[in-house]
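Asker: Any chance you can model this:
(chains A and B)
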Amino acid sequence: MVSFLDVMDKALTGKPCSERDYTLKVFSARLKEIVKEHGIKFDPKFPIPSDNGLADEIFRAAFDLFIDVGAYCKDTERIISFDENELREGLRLAPSKVVLGEGQDAKALVPRKPEDKTAPWCFLGAGGGPVSSDEVFLGLLEGYASIPEANSITTPALTSVSGLRIRPRSPLEALGAIRNAVLAREAMRRVGRPGLPIMNTLATAESATSLAIALHPKYGLRNTDGYMIAVMDPLIVDFDRLNKVCAALSFNAPIGACFDPLLGGYSGGPEGTAVANVAYHFLSALVYQSSWHLPFPLHINYVCSSTPEMLWVISASGQAISRNTHLLSLNLNYAAAGPVTEMCLYETAASVTAAVVSGLSFEALGVATNKYEDRMTPMEPRLSAEVAHGVVGMKRAEANELVKKLLRKYMDKIANAPLGKKFQECFDIRRGKPSEEYVRVYNKVKKELRDLGVEFQH
Amino acid sequence: MLSEAKILAELCEAVVSGDVDAAARAAKEVVGKRVDPVKAIENGLSKGARIIGDKFEKLEIFLPDLLVAAEAMKTGLEILLAEIPKDKTLRKGTVVCGTVKGDVHEIGKRIVAALLQANGFEVYDLGADVPSSRFIEEAGRVRADIIGLSALMSSTLGAQKDVIDYLEAVGERKKYVVMVGGGPTTQEWADQIGADGYAKTAPEAVKLAIKLVKSKRRLS
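Answerer: You can find the predicted model right below:
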């Protein structure tokens, strides 16, 4: 098994290459050829394909791609390469089960297969979206932790500390990261689920230094939380992110690499993005030594994962991973629309369905492209979780028809999606209750989804 | 002997196909055949840039195609601009851009830089993790019209404000148009920190840059 020291050795001694040449001449050029060689084609009639042969071909294409292009280390300007045996062994020895959380909230994250009847892992919350104050942060967290299906929490990111805007790599970022950890634990304690794991440790800690500072045991992080570490597009890592890997490995914490191949970016169209998305899992397992994996492929123009092409990328690459490995993969979805809009709820229902019937677990979600401060509530992840449990065991062909009906409800608005309302505008934060308007929208969408075949449990 | 129309078509095609060598060959042909370089830029290179911009917006082509098209445009433009008297320059403006300090993400900024370049701007891309003073030094050195600041993370957004505050503090704010962009930026944020422009997409950024430079030049 390739060790982290082997990875560092490869990063220091691999083939020298400029970043420009790696992205354009190595990664993009080879990926384009590989898609052609393997005859992979996106068919818009099947945003959720049922073709096992297609899924397996995408897996083989990703295998070839990763062997040929490896990963790129920005700091050493070298390619981190692996041979076929190292990759096969890395996939074989990657964890097939990881227990997260403590006490009554401890649970095992396990692999799934397409159309699996095993319930998906529900990783719920803000997807690292920006929030303006401690009050909003706490209110959201209490709401997320109160969702019965929640297996773990994804916190927002604080943008300021006591009124001071956070600056990257500054003491303000470190203070924000500490506050992120402390407030999240406090919120979960308040709603009686103190053992729930935080799996995006820590959204506010962009730099390794801030993460390391916030890891002091007094702030409440545990090695049963999930340590999410980003990879840059395409297949690029740097010392700062590898330092985070080093920190998490040093106390035996479960790492989850997160990665977002962009449809329209270096990976090209849906076919290239699906292949790249699978190859990122290989980087995650070998370079970051991840226990779990968090893909979040996005559309370069709409910054969401709910278009037909994106649903296909989630589903086809998800099936490639779940059919051919036991990697613990959770897809994170972004909706273009915001809270209190029917569109946002349709979007997340479509993306979560694509993930769950394809053998993945999921993280929900980035709301309104995840860029607007406070534009998220506990209602969107709640619906995502209810839909996820409601489509468990559904056939891919049936799910395909379901998402096609949902796509018809919002695709004409995707370029100018409604941003909806801020948390403060549609939630009574003190009482933890959504506005009557939002409850009406929620119930209407839920009824429509039930009529379309989602078997809600409550 | 290539006709003028054929040479212009070759210039356009070189940009569309991202062929740097073909762009250089066709531009040299323009010079050799004494074709009006202004016409060659407008009806050859810029025409190709418009086609590329439209195709990228519709995702008929992807980022790698856009980046090589921008390189072909730059190559052709450098040869042709050398033939035009300085006072008749066709540059739409000069831009210094980069990702702000503490942020290492570059894709969005590269797309905007490539489209600006393809549309006739002279672009100095400082890369990622750029300190405030570096933007200002470079903008002074190249007499930039625009300073473009990119940030991808909500935690790095504050560094856009730092550059604007630094410009104010050293008394140089009025010399430049400051545009901001990147994942977490919004019009509200741009207004809050006193930026001159924000665009949601790369094609919108190009249109806005053209408009802002025109109005800056009218005022000065």
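
Asker: so where do the helices sit in chain B?
Answerer: If DSSP state H is used as the criterion, the helices of chain B fall at B:4-16, B:20-32, B:37-40, B:46-57, B:63-81, B:107-118, B:132-141, B:158-169, B:187-193, B:202-219.

Asker: and the last one with chain A, contact?
Answerer: No: Helix B:202-219 stays clear of chain A (C-beta under 8 Å from any C-beta of the partner chain), getting no nearer than 9.3 Å. C-beta: built from backbone N, CA, C; applies to glycine.

Asker: Next, see if the helix or strand hosting residue A:66 gets close to chain B.
Answerer: Residue A:66 is part of helix A:52-69 when elements are defined by DSSP states H and E. No: counting by C-beta under 8 Å from any C-beta, chain B is not contacted by helix A:52-69; separation bottoms out at 13.5 Å.

Asker: Just checking: what are the partner strands of the helix or strand just after that helix?
Answerer: The first helix or strand that comes after helix A:52-69 along the chain, using DSSP H and E, is strand A:71-73. On the basis of DSSP bridges, the sheet neighbours of strand A:71-73 come out as strand A:78-80 (antiparallel), strand A:236-237 (parallel).

Asker: Would you tell me which one of the helices of chain B is buried the most?
Answerer: The densest packing among the helices of chain B, expressed as mean neighbour count by mean count of other C-beta atoms under 10 Å in any protein chain shown, is seen in helix B:107-118 with a mean of 25.

Asker: Packing partners of that helix?
Answerer: Packed against helix B:107-118, as judged by 3 or more C-beta pairs under 8 Å, 6 or more residues apart in numbering or on different chains; DSSP states H and E, are the following elements: helix B:46-57, helix B:63-81, strand B:93-99, strand B:121-125, strand B:146-150, strand B:177-181, helix B:202-219.

Asker: how about 7 Å then?
Answerer: With contacts taken as 3 or more C-beta pairs under 7 Å, 6 or more residues apart in numbering or on different chains; DSSP states H and E, helix B:107-118 sits against helix B:46-57, helix B:63-81, strand B:93-99, strand B:121-125, strand B:146-150, helix B:202-219.

Asker: Reformat the strands paired with strand A:71-73 as TSV; add mean neighbour count and mean pLDDT.
Answerer: Rendered in TSV, the data for the strands paired with strand A:71-73 read as follows (neighbours: other C-beta atoms under 10 Å in any protein chain shown; pLDDT from 0 to 100):
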stretch	mean neighbour count	mean pLDDT
strand A:78-80	22	98
strand A:236-237	22	98
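
Asker: where are the low-confidence patches of the chain?
Answerer: Reading this off chain A. Filtered on pLDDT under 70, chain A yields no residues whatsoever.

Asker: Chain B was what I was after
Answerer: In the prediction, chain B carries residues with pLDDT under 70 at positions B:1-2, B:86-90, B:220.

Asker: Spell out which residues belonging to it are near chain A, please.
Answerer: For chain B, the residues in contact with chain A under the definition C-beta under 7 Å from any C-beta of the partner chain are B:59, B:62-64, B:67, B:101-105, B:107, B:153-156, B:158-159, B:161, B:183-184, B:186, B:201.

Asker: Residue 27: what's it in contact with?
Answerer: Went with chain A since none was named. With contact set as C-beta atoms under 7 Å, 6 or more residues apart in numbering or on different chains, residue A:27 has these partners: A:69, A:234-235, A:266.

Asker: could you do chain B instead?
Answerer: B:11, B:76, B:79-80.

Asker: Farthest pair within those residues?
Answerer: Within the contacts of residue B:27, two members stand farthest from each other by C-beta to C-beta: B:11 and B:79, at 10.2 Å.

Asker: What residue in chain B comes nearest to chain A?
Answerer: Nearest residue of chain B to chain A (C-beta to the nearest C-beta) works out as residue B:102 at 2.3 Å.

Asker: Disregarding flanking residues, what is the spatial nearest neighbour of that residue?
Answerer: residue A:168 (2.3 Å; C-beta to C-beta, 6 or more residues apart in numbering or on different chains).
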